[in-house]
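Engineer: Provided below for reference: sequence and predicted model.
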Amino acid sequence: MSDLLERLRGRGWRLTAQRRVIAEVLDGDHVHYTADEVHDKAVSRLPEISRATVYNTLGELVSIGEVLEVATDGRAKRYDPNAHRPHQHLVCSRCGAIRDVHPRGNPVADLPAEERFGFVVQDAEVTYRGLCPNCASA
Ligand SMILES: [Zn+2]
Ligand SMILES: [Zn+2]
């Protein structure tokens with residue numbers, strides 16, 4: 001069973017058939033689907049599910065902190081159910097493939113005091129870019 005689905009159950013989120021299908025689609029590691037991809041996959045399980053329901057549900061999951069929105073430059077936003085384990089992203093600049101990665105350092109702690117300009121720094125996002133094995137060998 002999906003970890004996301006379990007988390008949503010645990011917090012008492014009202015699980016309609018549509019919401020459940022969306023949570024089931026967002027299952028597993030390295031999952032970063034666009035809203036349209038979530039919709040395509042959800043439709044194969046629940047043909048009547050509308051695009052609007054998918055968009056609204058994704059927005060709600062983001063606002064309650066159970067799904068992360070990943071912006072990859074020039075491409076559609078992606079949705080990542082791995083919201084509770086801090087991670088960064090490795091992105092293929094050709095095909096857009098994304099992997100969750102865990103650098104050794106802590107990007108927040110690594111920012112020197114004189115580079116903080118008085119900010120209380122809470123969070124950092126690092127995107128590693130390159131070519132995935134498929135694109136590198138093409
Ligand atoms: Zn690639
Ligand atoms: Zn991720």
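Structural biologist: Right, received. Where do you want to start? Ligands and ions are numbered 1, 2, ... in the order given.

Engineer: what does this structure put close to ligand 2?
Structural biologist: Within the chain, the positions near ligand 2 by CB under 5 Å from the ion are 80, 82, 100. From N, CA and C alone the C-beta is placed, and that goes for glycine too.

Engineer: now do the buried residues in the helix or strand harbouring residue 4.
Structural biologist: Mapping residue 4 onto the secondary structure by DSSP states H and E places it in helix 3-10. Along helix 3-10, the positions that meet the burial threshold by neighbour count (16 or more other CB atoms under 10 Å) are 3, 4, 5, 7, 8.

Engineer: could you dump these to a markdown table with distance to ligand 1 and pLDDT?
Structural biologist: Supplementary listing: the buried residues of helix 3-10 in a markdown table, determined by distance: CB to the ion, whole Å; pLDDT from 0 to 100:
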| residue | distance to ligand 1 | pLDDT |
| --- | --- | --- |
| 3 | 26 | 86 |
| 4 | 26 | 92 |
| 5 | 30 | 92 |
| 7 | 30 | 93 |
| 8 | 32 | 95 |
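
Engineer: picking that back up, among the residues of the chain next to ligand 2, name the buried ones.
Structural biologist: Neighbour-count burial (16+ other CB under 10 Å) applied to the residues of the chain next to ligand 2 gives 80, 82, 100.
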